[in-house]
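**Student:** Generate a structure from the sequence data that follows.
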Amino acid sequence: MSNAHSPVRRSPRIRFVATILATDWNSRSEIWGQILNLSKGGCYVRTSQTFPFGALLFIEIRYRGLRFLTDARVTYSVEREGMGLSFLNVPADQLTVLDDWLSSAAATGQPI
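**Tutor:** The predicted model follows:
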């Protein structure tokens with residue numbers, strides 16, 4: 001990991017596979033990846049390219065024809081493997097999408 005601290009999670013993670021587009025606020029660089037787990041507070045993204053610890057991002061998660069749009073911060077990054085993201089400033093209308101996905105995923109799987 002690129003930082004010395006372990007990630008702190010406030011919500012249980014649930015297995016959830018979806019596509020993500022992450023855009024860096026400053027450089028406007030884009031990275032496509034795959035969400036492997038999701039929680040109310042963030043997600044883990046598998047990708048061969050990562051943004052550095054602390055980077056501020058705009059993310060778009062796509063799943064079954066729906067999109068979840070919010071800001072996020074990189075909480076940890078593992079070079080050539082993936083990164084953990086913490087959601088920031090989630091708009092109220094986007095919370096409904098997130099809650100629906102989490103409820104559906106929880107009904108079919110186990111927290112990890």
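**Student:** Contact partners for residue 102?
**Tutor:** Residue 102 makes contacts with 14, 16, 38-40, as judged by Cβ atoms under 8 Å, 6 or more residues apart in numbering. No exception for glycine: its C-beta is placed from N, CA and C like everyone else's.
**Student:** Where does the prediction get shaky in the chain?
**Tutor:** Low-confidence regions of the chain, defined by pLDDT under 70, span residues 1-11, 109-112.
**Student:** re earlier: so which of the contacts of residue 102 wins on neighbours?
**Tutor:** In terms of neighbour count, residue 38 stands highest of the contacts of residue 102 at 24 neighbours, by other Cβ atoms under 10 Å.
**Student:** my guess is that one contacts residue 103, does it?
**Tutor:** No: taking Cβ atoms under 8 Å as the definition, residue 38 is not a contact partner of residue 103, at 11.4 Å.
**Student:** returning to what we had before: what's the closest of the contacts of residue 102 to residue 53?
**Tutor:** Proximity to residue 53 was ranked across the contacts of residue 102 by Cβ to Cβ; first place goes to residue 39, at 18.9 Å.
**Student:** Quick check: that closest one touching residue 15?
**Tutor:** No: proximity of residue 39 to residue 15 does not meet the contact threshold set by Cβ under 8 Å, at 11.0 Å.
**Student:** one step back: let's have the contacts of residue 102 in TSV, adding secondary structure and distance to residue 30.
**Tutor:** Supplementary listing: those in TSV, determined by DSSP: H, G, I helix; E, B strand; the rest coil; distance: Cβ to Cβ, whole Å:
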residue	secondary structure	distance to residue 30
14	strand	26
16	strand	21
38	strand	20
39	coil	24
40	coil	25
